[in-house]
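Undergrad: Let me see the structure of the following:
(one chain, ligands or ions: 2)
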Amino acid sequence: MSSPTILKVAVNVPLSRLFDYLPPAGSTAVQPGSRVIVPFGRQKQTGVVMALAEGSDVPQSKLRRCHALLDEVPLLATSDLRLISFASDYYHHPIGEVVAAALPALLRVGKPLLPSVQSVAINDAGARVDIEVLARRAPRQAELLQVLIDAGGSGMDVDALNDRLPDWRRAAKPLFNKELLVWFTSTAPASPPECDVVATPGPDLNNDQQRVLETLRAAAGYSAFLLDGVTGSGKTEVYLQLMRDVLAQARQVLILVPEIGLTPQLVTRLRQRLGIEPAVLHSGLSDIERLAAWRNAQQGHAQLVVGTRSAIFTPMPKLGLIVVDEEHDHSLKQQEGLRYSARDLAIMRARNGDVRVILGSATPTLESLQHCHAGNFTHLSLPQRAGGARPPLLRLVSLDDAAQSDGLSTTLAAAIERQLNDDGQILLFLNRRGFAPTLICTGCGHLAECERCDSRMTVHARDHALRCHHCGAQARLPESCAQCGASVKPLGAGTERLEDALLQRFPGYVVRRIDSDSTQQRGAIEAALSAAEQGDADILVGTQMLSKGHHFPKLTLVGVVNADQGLFGTDFRAAERLAQSIIQVAGRAGRETQQGEVLIQTAFPEHPFWPLLLGGGYPVVAAAALAEREQSRWPPFTRLALLRSNAHRQSDALAFLQRAVELIGAEHSATLRLLGPVNAPMARKAGRYRAQLLLQSSDRRTLHTLLATLRPALEAEPAARKVRWSIDVDPIELF
Ligand code: ADP
Ligand code: ZN
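TA: Ligands and ions are numbered 1, 2, ... in the order given. Here you go, the predicted model:
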């Protein structure tokens, strides 16, 4: 007798293993990629069959049987399961949680893929009714019955009945009572998304774009490209052309973007230029909307899928191309739960699917640049702006005394005035929301601090509050110092304060602040951005939000209000980040006929960073930073994993990591460097103590082999019960 098939099931629990089950009773062959309902402890769970096996280590008598099979046709294809398994292995994250992250919420909890439809039909007794006799006594019942007889055995669904006979339910009631009608449920077929826009042709590509497009076209099968093109160089036009090729072959395109709310222009542009309605996947969707978009992609109906990082897991049976736009953007990395980089998974997915993948940016990460040097990626560059727009002029401005109160130096204020007189639009970039970073006592110098975090409270003048940006704690804005009773005043400038200063200095002009406080309502970001595009604001004040991908036609002056935050960062990525944020925001200026001007305020104009950036732009900063990383053995020349823990007691958080050091043992010391355990840079957050242990190796395999045994060992560790902990592979934040 052959041994029974065993289902290897991923269940959404924080354990790094699959669970063995017998197939549900009476089911035909169950295939990997289908969901099953399984008994788990004393509960039921929805799981996904990852593989089939002949046998199990679990004794036959203890093997439990699945309750039910949810998908006759597998939900996930072999290639999807492969990506999920890869993510679980590479990020050392429990497989069941990775599967859960890859599925829309409704599918995760066992809801059907296809929406179900309620229908009504006649049964045999209903078919034998004498309609004419019935019509004399109950005309409405007869009418309904006749409609259903005409509809035949498959009956009519509720929507169709509502249209045909709005009052049908009243007539149906007595017919149901007499057992002449039956209810049944069926599934509705998924329908392709419709688009009523006719594709419009774009501009003819310039020589640089044409050259890049030819290289992209010449590649067959898997290839990875870095499209390194200055802001406004026409990268999107190149993607659009290549997408047309792929769509013409009836294959699907996946486009990953950092944040959709911030790039509504892209979705509109795709629709207009390709005449296709993209399936859009992002965190702002309702569960039902998300499922519908996912389903359209999974069924192959959606030709174009645009989404934020989690869209990387969307099944696409006919995938032909992946584009990762703004590949440097940190939103592509998930910083909690399954800590994955959608960009890096895109590379793996393209490789598995044997398709092209393009990473685009004006400020590529050093990781991607190094992949180009190593020959893993093809480096494509668009060094000039398309269509005649000139690059913006960057200039340093020393912060003078005038800037003390509201952040505006004399030079910047004068430049703003000049642009306003010329009817230009101005963007001031300040990556600090709120009125002021903190509140200081004029008597004793006491600073307002959060009680639950090692951080200061931010002053929010608009709603008279002190707020902690780390834990959300909130207090009323005090009028005097809690320590000594003297008067208090805000220290430093945030976007609210800057907005006030501008309104005061430039009366009669429209100032618009765009940050996460001003755009909390649904649709507020889109509204603010489109107003800014139309030129309905003279001065825009904003955080990082304003620096991404937007095209403001009238914008001629950009002011970087405080560049020094990044100048002395302790993180080894500080220079790369500062250059990225300045170049990105500078890229908003002068995108049409007027040349843009960018003024960068700093208290340290002598810092060696400035001649690199102003003299050679991003490529020179990047080359210098890369050389420095190689010398100091930081990524991309070494690999990192960060083990974090947090607990109510500091000693527990540290003890857990100390236990990890013991488990790692001495034999790895030659190939592995351990930094820590130490307290995290912000040692206390939301009342919990945080600690970390950084693992560094010049060899990826060494690190991963170690983590593969460390993870299950830590899961079984008694010290783990007192802490929350996580593994972050290729961390981009070292705290
Ligand atoms: P990027 O994606 O690199 O920021 P875009 O593709 O958005 O650049 O192009 C920037 C601007 O230049 C857009 O307004 C676009 O329509 C225009 N543009 C792009 N390529 C050309 C071209 N070959 N000729 C004329 N205008 C172009
Ligand atoms: Zn706090």
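
Undergrad: Quick one: mean pLDDT for stretch 656-665?
TA: Summarised as a single mean, pLDDT over stretch 656-665 is 94.

Undergrad: Please name the nearest non-neighbouring residue to the residue of the stretch 201-350 of the chain found nearest ligand 2.
TA: Distances between the stretch 201-350 of the chain and ligand 2 by CB to the ion are smallest at residue 336, namely 17.1 Å. C-beta: built from backbone N, CA, C; applies to glycine. Closest residue in space to residue 336, ignoring its immediate chain neighbours: residue 726 at 7.9 Å, by CB to CB, 6 or more residues apart in numbering.

Undergrad: tell me the contacts of that neighbour?
TA: Residues in contact with residue 726 (CB atoms under 8 Å, 6 or more residues apart in numbering) are 336, 339, 643-644.

Undergrad: And it, what's its pLDDT?
TA: At residue 726 the predicted local distance difference test score is 96.

Undergrad: Where does it sit: helix, strand or coil?
TA: strand (DSSP: H, G, I helix; E, B strand; the rest coil).

Undergrad: From residue 337, how far off is it?
TA: Computed with CB to CB, to the nearest Å, the distance linking residue 726 and residue 337 is 8 Å.

Undergrad: partner strands of the longest strand along the chain, parallel or antiparallel?
TA: Longest strand in the chain by number of residues (criterion: DSSP state E): strand 672-685. Here the strand partners of strand 672-685, with direction, are listed using DSSP bridges: strand 688-697 (antiparallel).

Undergrad: on that earlier part again, burial check on the residue of the stretch 201-350 of the chain closest to ligand 2, number of neighbours?
TA: Around residue 336 there are 7 other residues, counting by other CB atoms under 10 Å.

Undergrad: that older thread, okay, the residue nearest to residue 336 and residue 12: tell me how far apart.
TA: Spatial separation of residue 726 from residue 12 under the definition CB to CB is 17 Å.

Undergrad: cool, residue 147 as well?
TA: Separation of residue 147 from residue 12 (CB to CB) stands at 45 Å.

Undergrad: so who does the residue in the stretch 301-450 of the chain that ligand 1 sits nearest to touch?
TA: Distance from ligand 1 to each residue of the stretch 301-450 of the chain (CB to the nearest ligand atom) is smallest for residue 387, at 2.9 Å. With CB under 8 Å, 6+ apart as the criterion, the residues that contact residue 387 are 203, 206, 234.

Undergrad: all strands for the stretch 251-400 of the chain, in order.
TA: With strands called from DSSP state E, counting those that start in this stretch, the stretch 251-400 of the chain shows them at 252-256, 279-281, 304-307, 319-324, 356-361, 378-382, 393-398.

Undergrad: looking at those strands, which is closest to residue 446?
TA: For residue 446, the closest of the strands of the stretch 251-400 of the chain is strand 393-398, at 30.7 Å, according to CB to CB.

Undergrad: What residues does this protein have near ligand 1?
TA: Where the chain comes near ligand 1, counting by CB under 6 Å from any ligand atom, the residues are 203-206, 209, 229, 231-237, 386-387.

Undergrad: Which two among those residues are spaced furthest apart?
TA: Checking these with CB to CB, the most distant pair is 204 and 231, at 20.8 Å.

Undergrad: With neighbour numbers in mind, choose between the two.
TA: Neighbour comparison, residue 204 and residue 231: the larger count goes to residue 231, with 24 against 8 (by other CB under 10 Å).

Undergrad: pretty sure that one is in a helix, no?
TA: No: Residue 231 sits outside any helix when classified using three-state DSSP, being coil.

Undergrad: Can you report how many residues lie near residue 532?
TA: Should you count by other CB under 10 Å, residue 532 turns out to have 22 residues around it.

Undergrad: I meant residue 108, not that one.
TA: Taking other CB under 10 Å as the criterion, the count of residues near residue 108 is 17.

Undergrad: Now do the residue nearest to it when sequence neighbours are not counted against ligand 2, distance only.
TA: By the measure of CB to CB, 6+ apart, the closest residue to residue 108 outside its immediate chain neighbours is residue 100, 5.3 Å from it. For residue 100, the distance to ligand 2 equals 29 Å [CB to the ion, to the nearest Å].

Undergrad: so where's the protein uncertain?
TA: Low-confidence segments of the chain (pLDDT under 70): 1-4, 188-190, 262-263, 402, 549, 667, 669, 735.

Undergrad: what sits against residue 639?
TA: With contact set as CB under 8 Å, 6+ apart, residue 639 has these partners: 696-700, 703, 730.

Undergrad: would you turn these into TSV with secondary structure and neighbour count?
TA: Supplementary listing: the contacts of residue 639 in TSV, determined by DSSP: H, G, I helix; E, B strand; the rest coil; neighbours: other CB atoms under 10 Å:
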residue	secondary structure	neighbour count
696	strand	17
697	strand	20
698	coil	13
699	coil	12
700	helix	13
703	helix	21
730	coil	19
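
Undergrad: Can you tell me which of these is nearest ligand 2?
TA: Using CB to the ion, the shortest approach to ligand 2 within those belongs to residue 730, at 27.7 Å.

Undergrad: Look up how far ligand 1 lies from that closest one.
TA: Separation of residue 730 from ligand 1 (CB to the nearest ligand atom, to the nearest Å) stands at 26 Å.

Undergrad: can you tell me which residues contact that residue?
TA: Taking CB under 8 Å, 6+ apart, we find residue 730 in contact with 341, 344, 635, 639-641.

Undergrad: can you put these in a markdown table and add distance to residue 163?
TA: As requested, those are arranged in a markdown table below (distance: CB to CB, whole Å):
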| residue | distance to residue 163 |
| --- | --- |
| 341 | 49 |
| 344 | 50 |
| 635 | 61 |
| 639 | 61 |
| 640 | 60 |
| 641 | 59 |
